[in-house]
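Peer 1: Generate coordinates for the sequence data below:
(2 chains)
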Amino acid sequence: MTRTPRRYVLVVSVLLGLVLASGFGAWSATLTSQGAAHLPEETLDDQLARIAEQVPGFGGLFLDEDGRIAVSLVQGEVTTLSKREIGTAIARALAWDEPRLRTGAIRLLPARYSFLQLKEWHDRLSPQVFEIEGVTLTDIDEARNQLRIGVEDEEAGQRVLAALAAAGIPREAVVVERVEPILPMTTLRDKVRPLIGGLQINFPGYLCTYGFNAVRSGIAGFVTASHCTDVQGGVENTPYWQPLEATDTFIGTEIADPLYTRRLNCPRGRVCRYSDSAFVQLALGVSASLGYLARTESLGSLVIAGSFRITAEATRRITGETLNKVGRTTGWSQGPITQTCVNVGVTGTRIVLLCQDFVQATVAAGDSGSPVFRIGTNGDVTLYGLLWGGNSSGTSFVYSPIGNIQRSDELGSLRTCATGSC
Amino acid sequence: MSGSQALLLALVMGSLQEAGARPSPETLSARIEVKEQTARAIRLELRVRNDSGHRLTLALGGRPAYNVLVKRPDGTLVWEWQRGQIVQQILEYRSLDPGEELRFEVTWKLVDARGRRVPAGEYLVHGVLNLEPPETLVTDPLRIRIASAKRRRSAK
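Peer 2: Sure, this is the predicted structure:
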């Protein structure tokens, strides 16, 4: 829980929103009360602990599915306090002027663990588990009367379980579950770590979009457009920053960008490749989430509201399929594939890109490098490729298919999916 | 710069702080002019100049960032240089010193969007520089007169 600042309205999120967000329940509740100016700077957990000091066996507090105030108590410990006295203790600790508390109109439920016990475990465990890569949150879940630890993947989950055992905390007192990486309310043009697809990147004199994280020959990095390098084709060790050049925003260096050459199927007098893609090695100490792309609030929005998880790569493309892209200029856009496997001449150059696909969706300058993907029925996504071009009216974009990008004469084999997904 | 060639301004930004000051409507001028006219084509040049006394930074939207539109006097679009072309969707920051000019050249082969030779008459030509989307810098129209094909041949 975060600190509750002085002078602000006390907003007590009773965690059920998180329960709902993670698909664990069909209901949620938010408990709000007007905080007085004299509220101490203590966390909600501290306040609940104060209730527990006054109400022996207190296990937690939340609003139930009917909006009633539910209080869980460890059975056998509370025999002397009435509902009204419990309500009064809660009202006092939370500075919550709620008539139902004054009258004792609360629902009592059995609890297995006291809040103080859960808090002691949580305070001991939290610093340890956050040293495990892939842990996204720790919490005392008042509604479930358990600790809750969010992890990005199964590997992190296994390491958390080992930490629990080492700490002597009962396994049944803790829920370990997969939770998407938590991102602040920022836009695609802000600094975001760990790095995910769809963000703004900067290289000397230019802005483009961060395509997708990838592992290439054991090297962690990301893919962006070949023309989003100092020279399109060939390696110049182009440096990248996210979102803009600053002392603490350097993210990596270009290490692969095959040359455009005359080759089979390349028109006379032109040079060709099968993809407009380059690979950038991540700088030491820069964090990135393999297999995750930025998801904005809605189509057209730049505000990041979560992430898309890549669980597959496209093995075929069909005209009419609805694809998506997320880019720094026009955000998330979506539309149907209108043409597949088109040889496209790049305006103002001798370059022809072979076997590219067109999508009827919004695009504008700065979107080069955007990840292109299809959203599956479960919300996970299949990676289709990398956007590099568009028409002058901004209604249609062109992308290099992921199969082309991974040809042996292009970037070669890449690992792009979220850990454990494909 | 004549009044008819003076700029229309939609402007601009300079989010790379170190690269220069933000342009204002008084600091940039844009115009389009005929470089060469033959019986078969007109070579046009779009010029964008920093008229301020200090360095400016422009964001150029797309590669190439320029475009040329040819319209009839009633506003109907006849030809667009970028039509049917695929533009790399990159955003470039370009610094312009005081008095420095960007120049972009386009050739119009006196055809419409379908590639058919246009009839004789008057046409309006606009130069367009794409900036940070959705901003654009558009010149005032340049009036040009196209003679009939017959006259063009005899003139030759």
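
Peer 1: low-scoring pLDDT stretches of chain A, where are they?
Peer 2: A:1-41, A:77-79, A:181-184 (pLDDT under 70).

Peer 1: how does it divide up, domain by domain?
Peer 2: Here the domain assignment for chain A is A:1-179, A:195-405, based on automatic domain parsing.

Peer 1: Tabulate these (JSON lines), appending mean neighbour count and distance to chain B.
Peer 2: C-beta coordinates here come from the backbone N, C-alpha and C atoms, glycine included. Formatted as JSON lines, these follow (neighbours: other CB atoms under 10 Å in any protein chain shown; distance: least, CB to the nearest CB, whole Å):
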{"stretch": "domain A:1-179", "mean neighbour count": "17", "distance to chain B": "31"}
{"stretch": "domain A:195-405", "mean neighbour count": "21", "distance to chain B": "3"}
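
Peer 1: export those domains to TSV and tack on distance to residue B:139?
Peer 2: Listed next are the domains of chain A as TSV, based on distance: least, CB to CB, whole Å:
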stretch	distance to residue B:139
domain A:1-179	52
domain A:195-405	17
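
Peer 1: centroid residue for chain B?
Peer 2: Centroid-nearest residue in chain B: residue B:127, 2.0 Å away (criterion: CA atoms, centre = their mean).

Peer 1: how about that residue, what does it touch?
Peer 2: Neighbour list for residue B:127: B:30-32, B:44, B:46, B:66-68, B:104, B:138-139, B:142 [criterion: CB atoms under 8 Å, 6 or more residues apart in numbering or on different chains].

Peer 1: And residue A:148, by the same measure?
Peer 2: A:15, A:18, A:137-141, A:174-175, A:177 are the contacts of residue A:148 under CB under 8 Å, 6+ apart.

Peer 1: repeat for residue A:322
Peer 2: A:334-337, A:374.

Peer 1: Dig out what it forms beta bridges with.
Peer 2: residue A:336 (DSSP bridges).

Peer 1: Tell me which stretches of chain A form helices.
Peer 2: Along chain A, counting by DSSP state H, helices occupy A:16-21, A:44-54, A:83-94, A:99-103, A:115-129, A:154-167, A:402-405.

Peer 1: what do you get for chain B?
Peer 2: B:149-155.

Peer 1: any low-confidence regions in it?
Peer 2: For chain B, the stretches flagged by pLDDT under 70 are B:1-26, B:150-156.

Peer 1: can you rerun that using 90?
Peer 2: Low-confidence segments of chain B (pLDDT under 90): B:1-28, B:52-53, B:147-156.

Peer 1: Show me which residues of it sit near chain A.
Peer 2: Within chain B, the positions lying close to chain A (CB under 8 Å from any CB of the partner chain) are B:15-16, B:60-65, B:67, B:80, B:82-94, B:130, B:132-134.

Peer 1: Mind checking which of those residues are buried?
Peer 2: Using 16 or more other CB atoms under 10 Å in any protein chain shown as the burial test, the residues of chain B next to chain A include B:15-16, B:60-65, B:67, B:80, B:82, B:85-94, B:130, B:132-133 as buried.
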